[in-house]
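In: Can you look at this prediction? I've put the sequence above it.
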Amino acid sequence: MRTLKSPLRGASRLGTLAAGLTLFAAPLFASVQDGDADPGAAGNAEVAATAEEAVPNSDAAPTEEAKPKTADDLHKAAVMALLKEVVGGKVDSFSVKVDAPKPDPVGLEAKADHFMGKVNEVIAAGLFFPIMESKFEGELDDATTGDLPALRTYLTQFLVDAEADGIDLEGAALTLQIPTRGGKGETKIDVTTPGWPFAVLWLILGAIFFTVRMGFVQLRMFGHAIQVTRGKYDNPHDEGEVSHFQALTAALSATVGLGNIAGVAIAISVGGPGATVWMIAAGFLGMASKFVECSLGQMYRQQRPDGSVMGGAMYYLSNGFKDLGKPGIGKFLAVFFAILCVGGSFGGGNSFQVNQSLNALAETVPFFENPDNRWVYGAIMTVVVGAVILGGLKRIAQVAEKVVPTMCGLYVAAALFVILSNASAVPAAFGEIFSGAMTPEAGYGGLIGVLIIGFKRAAFSNEAGVGSAAIAHSAAKTEFPVREGIVALLEPFIDTIVVCTMTALVIVITGAYSNPDFAHFVSDNNGAGLTSAAFGQSISWFPYVLAVAVVLFAFSTMISWSYYGERCWVWMFGDKSSLSYKVLFLIFVFIGSIVSATNILDFGDLMILGMAVPNVLGVLFLSGKVRRALSDYTGKLKSGEIKPVD
C-alpha cells in the first residue's frame, strides 16, 4: 500500500472554521473536525502507521491512553482497519467519525465557545464557501455499518460509483460517519475533492491582477524600496507622523509574529514541505497587493488639526468610491471592513497572540504550566501593552523600530546557523520542498490542497490584500503616496520569503515534521512547539531564546493591531471613543491568558482574512489611479527630477 500524503488535515485551534482560513477544516476540505479526528485520518504522517495504532493486536502496540476502552472505540477501530484495507491506496485520505450525542454546554466559557462556533459556521459559509468542490454522497443504513462484511461490499461499490460520477479518488478525502453501538446518531458517507475557498481564491486572483497591472512592481522597484527605507529620500518637512522605516517596522510588527514560527510549522505538518513553495509564491504576488493598498492609504489619508493622521482601507474605500460616483457602495465596503478589523484586533491580533505565546512560554517556564498561574502572564502583558498603546502611533513606532529588527535578526541568525550546520542536507531539503509542491502522486486534489495551505498560511502571515498595513503606512511622511507603497512591498518579502522560508528550511532539514518523537506537536497543532523542537536539535539552548522571541513577536503584533483596530473604531464612532476602544483591547489582553474558548479566538482569525473581501474588491476598482501615479513617479525618477536627499 502506498503512503498517503494529505494536505487536508484538520484538528487545530483553527480547525473548527471552514477551510478558507488557516487550517479551517471540514466544511471546505472534508477534513475531520476537532474531537472527531481518527488516528488514521488525513495527515502528513503515514496513514498506514497511524491507522495501525487504532487497531487492537497490531504490530504497533498502542499506548495505554490510546487503547480503545468502549464498544464504540472498538467498533470504530475495526471499521478504521476495514477502511484501510478497502480504500487505502485509492483515496488521498480517509476518516471515521462516531456520531455520539454531545452534551449541552455547561458554564459561561463552554456556552460562549459553542455560540461562537455557530457564528463562525455562518460567517465561513458566506465568505469562505468552496468553489469547484466535487462531492459524492452515498446512502448507507445503520445495519450495514454494524456488519463488517456487508460494509466491505458497500465500500467497494461506493468507490466505483464515485469514480463513475467524476470524482478523482486519488485527490479525494473519504469520510464515514457511524452511529454509536447503542444506535444513536446518523450514518453518512461521502468522498470529496477540495474546492477553492472563496477568500483564498479572491486573494490569489487579486494578487495576480495587481502584479500584472503594476508591471511587476515588486521586481522593478525593489532596489528603490531599499533605498527609501534606508532614508535616502526622507524629507523631515513632509506631512505625516513617522518615517518610512518606522512605518515599515510598525506594519511588520503586526505581520511578523506567530505565523512565522508556529504557522509555518503547522503548514508543513499539514501540507508537507511543498507548502513552502506556495508560501513563497504567495509572498511574491502579495508584494504587489501591499504596494497598491498602501499607496491608496496614502492617497486618501486625512490630516487632523492636532497633526495626527487618519488613513487606511476605510478611507480609500469610502472616499475612493465617492470619486467614482458610487458613494453608497464605498460606504458599505468601508463599514464592512472596519467591523471585521475591530473584531480581528480583539481576537486574532490580541487574545490569540497572548494565548499562544503563553502556551509556548509554558514549554520552558514550568510556573506557567499551572493553570492557576496563567493570569500572572495576562496581567503583565496588559500593563506592558497598555503602557505602549496609550502613547499612540509614535510610541508604537518607536518600540517597533527597535523590537522588530532585533527579534528578526536573532531569529534569522539562529535559522542560518541551523541551515549552515546541516549544509549537506540543504539540497535534499530543497528537493523535498519542490517535489512536494506539485504532489503528482496525490493528483489534482492533493496539488490544490497543498497550494491552498501555502497561500492561506502566507496570507495570515503577511496580511497582503487584507488592508491592515495601509492603516500604518498612511501615517508615513512622504511627498509621493506611491513611494510609501514601494516601501510597503518589502513586507511580504521580509515576512514570508525570508523569515517563513528560514523556518521551513529548519523544519525540513531537521526532519522535525516527520519525527515520531514530535508527533504530539503535530497532532496538537502546536506549531511553536514543533519549531522549538526543530531548533533544539541543533541548538540545545535555543528553545529558551525562542520562548522569549515568541513573546516579543506576540507583543509587537498586539501593539500594532491595537492601532489598526483603534483607527477603525474611531472612524465609526468618533475621536472621543478612542480611549474606550483601548480599554476594551486591554481587557481582551487579560482574557487571552485565562480563557481557552477556541471559537472566540478563531472568530478573530476569521475576521482578519475576511477583511480581504471588501478590501480587494475596492482596490481592484481604484488600482487605475495607483497605476497612473506609479508611471508618473518612475518617470520623474528616471528624469532626475526626484533625487535622494543630501
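Out: Arrived safely, thanks for sending.

In: which residues in the stretch 451-600 of the chain form helices?
Out: Along the stretch 451-600 of the chain, the stretches classed as helices by DSSP state H, counting those that start in this stretch are 469-473, 481-488, 490-492, 501-510, 519-523, 527-536, 542-573, 578-594, 598-610.

In: just the strands in the chain please.
Out: Using DSSP state E, the strands of the chain run over 93-98, 130-131, 134-138, 173-178, 188-193, 196-197, 302-303, 309-310.

In: what about the helices of the stretch 451-600 of the chain, which gets the closest to Gln227?
Out: helix 481-488 (9.6 Å; C-beta to C-beta). All C-beta spots, glycine's among them, are computed from the backbone N, C-alpha and C.

In: Which other helices and strands does that closest one contact?
Out: helix 222-229, helix 244-255, helix 275-299, helix 469-473, helix 612-639 (3 or more C-beta pairs under 8 Å, 6 or more residues apart in numbering; DSSP states H and E).

In: Mind listing what's buried along the last one?
Out: Read that as helix 612-639. 612-619, 621-623, 625-627, 629-630, 633-634, 637 (16 or more other C-beta atoms under 10 Å).

In: ok, now the first one?
Out: The neighbour-count criterion (16+ other C-beta under 10 Å) identifies His224, Ala225, Val228, Thr229 as the buried residues of helix 222-229.

In: ok, the residue nearest to Glu363 when sequence neighbours are not counted to His520 distance?
Out: Of all residues not flanking Glu363 in the chain, Gly529 sits nearest, at 6.0 Å (C-beta to C-beta, 6 or more residues apart in numbering). Using C-beta to C-beta, to the nearest Å, Gly529 is found at 8 Å from His520.

In: next one: Leu530
Out: Taken as C-beta to C-beta, the span from Leu530 to His520 is 9 Å.

In: out of the two, which sits in the more crowded spot?
Out: Applying other C-beta atoms under 10 Å to Leu530 and His520 shows that Leu530 carries more neighbours, namely 27 against 12.

In: list the contacts for the more buried one?
Out: Going by C-beta atoms under 8 Å, 6 or more residues apart in numbering, Leu530 touches Ala262, Ala265, Ile266, Ser269, Ile507, Ala512, Tyr513, Phe518, Phe521, Val522.

In: Can I get those residues in TSV including distance to Phe321 and pLDDT?
Out: Converted to TSV, the contacts of Leu530 look like this (distance: C-beta to C-beta, whole Å; pLDDT from 0 to 100):
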residue	distance to Phe321	pLDDT
Ala262	37	71
Ala265	41	79
Ile266	37	73
Ser269	42	75
Ile507	44	89
Ala512	48	83
Tyr513	45	82
Phe518	50	81
Phe521	46	75
Val522	46	70
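
In: nearest to Phe368, of those?
Out: Of all the contacts of Leu530, Ala262 has the smallest distance to Phe368: 16.9 Å, by C-beta to C-beta.

In: Quick check: that closest one touching Ala534?
Out: No - judged on C-beta atoms under 8 Å, Ala262 makes no contact with Ala534 at a distance of 11.9 Å.

In: And for Asp141, the neighbour number?
Out: With other C-beta under 10 Å as criterion, Asp141 counts 10.

In: give me the number of residues near Ser351?
Out: Counted with other C-beta under 10 Å, residues neighbouring Ser351 total 28.

In: Which pLDDT value belongs to the closest residue in space to it that isn't next to it in sequence?
Out: Once flanking residues are discounted, Ser351 sits nearest to Gly592: 3.3 Å by C-beta to C-beta, 6+ apart. Model confidence at Gly592, given as pLDDT, is 78.

In: Same check on Gly126?
Out: For Gly126, the pLDDT comes out at 67.

In: can you check Leu451 too?
Out: pLDDT for Leu451: 65.

In: Numbering from 69 from now on, please.
Out: Got it, the first residue is 69 from now on, which makes the last one we talked about Leu519.

In: hang on, the earlier thing: roughly how far apart are the residue nearest to Ser419 and Phe589?
Out: Going from Gly660 to Phe589 by C-beta to C-beta gives 21 Å.

In: Which of the two has more residues huddled nearby?
Out: Between Gly660 and Phe589, counting by other C-beta under 10 Å, Gly660 is the more crowded of the two (30 against 25).

In: how close does that one sit to Tyr632?
Out: In this view, Gly660 and Tyr632 are 17 Å apart by C-beta to C-beta.

In: quick one: Gly553 from Phe197, how far?
Out: According to C-beta to C-beta, Gly553 and Phe197 sit 32 Å apart.

In: Who has more neighbours out of these two?
Out: Using other C-beta under 10 Å as the criterion, Gly553 and Phe197 rank with Gly553 on top: 31 against 18.

In: ok, the more buried one - contacts?
Out: Here Gly553 is in contact with Lys358, Phe359, Val360, Glu361, Cys362, Ser363, Leu364, Gln366, His541, Val694, Leu698 (C-beta under 8 Å, 6+ apart).

In: What pLDDT is listed against the last one?
Out: It refers to Leu698. 94.

In: With the flanking residues excluded, which residue is spatially nearest to it?
Out: Val550 (5.1 Å).
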